[in-house]
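Peer 1: Here is the input, now give the coordinates:
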Amino acid sequence: MTSSEKRLWKSLRDRRLEFKFRRQYPIGPYTLDFFCPEAGICIEVDGDSHIGREARDAFRDQALLDHGIVTIRIASDSVGLAIGHIRWLILEACRQREG
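Peer 2: Next comes the predicted model:
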């Protein structure tokens, strides 16, 4: 995991946001950075390796959505700057999709 992923994982693990998250979760041909099965939400932390891959990422996001999984993409540099806001965003998204 990258340092941004490690930092976010500290906020997600052990139900710290009420919901269970799994990291590096495989679904079909994809490995999700973080996945909440209860809410059907995938969290992807995008760093420099995603530059120029926007079409590929959009295809992947749509493939997951076709299976009921919503993807939230977070820029890796924002994890260090706005972790509180990111935590709130993820929690609200999970609450809305729960069940």
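
Peer 1: So the residue nearest the centre of the chain, which state does it fall into?
Peer 2: Nearest to the geometric centre of the chain sits Ile43, at 0.5 Å (C-alpha atoms, centre = their mean). Assigned state for Ile43: strand (three-state reduction, DSSP: H, G, I helix; E, B strand; the rest coil).

Peer 1: Ile90 is in contact with that one, correct?
Peer 2: Yes: the pair formed by Ile43 and Ile90 meets the contact definition of C-beta atoms under 8 Å, at 6.3 Å. Quick note: C-beta positions are derived from backbone N, CA and C, even for glycine.

Peer 1: if we can go back for a sec, now do the contacts for the residue nearest to the centre of the chain.
Peer 2: Contact criterion C-beta atoms under 8 Å, 6 or more residues apart in numbering gives 8, 12, 21, 32-36, 71-72, 74, 90 as the residues in contact with Ile43.

Peer 1: Name the nearest of the residues you listed relative to Ala55.
Peer 2: Ranked by distance to Ala55 (C-beta to C-beta), those are led by Thr71 at 14.5 Å.

Peer 1: Looks to me like the closest one is in a strand.
Peer 2: Yes: membership of Thr71 in a strand is supported by three-state DSSP.

Peer 1: What does the pLDDT read for it?
Peer 2: Residue-level confidence at Thr71 comes out at 97, pLDDT.

Peer 1: one step back: sticking with the spatially closest residue to the residue nearest to the centre of the chain that is not a sequence neighbour, tell me its helix or strand.
Peer 2: Beyond its immediate neighbours in the sequence, the residue positioned closest to Ile43 (C-beta to C-beta, 6 or more residues apart in numbering) is Phe34, lying 4.0 Å away. The secondary structure element spanning Phe34 is strand 30-36 (assigned by DSSP states H and E).

Peer 1: Contacts for the lowest-mean-pLDDT helix or strand in the chain, please.
Peer 2: When the helices and strands of the chain are scored by mean pLDDT, DSSP states H and E, helix 76-81 comes last with a mean of 88. Taking C-beta under 8 Å, 6+ apart as the criterion, the residues outside helix 76-81 that touch it are 2, 4-5, 7-8, 45-48, 86.
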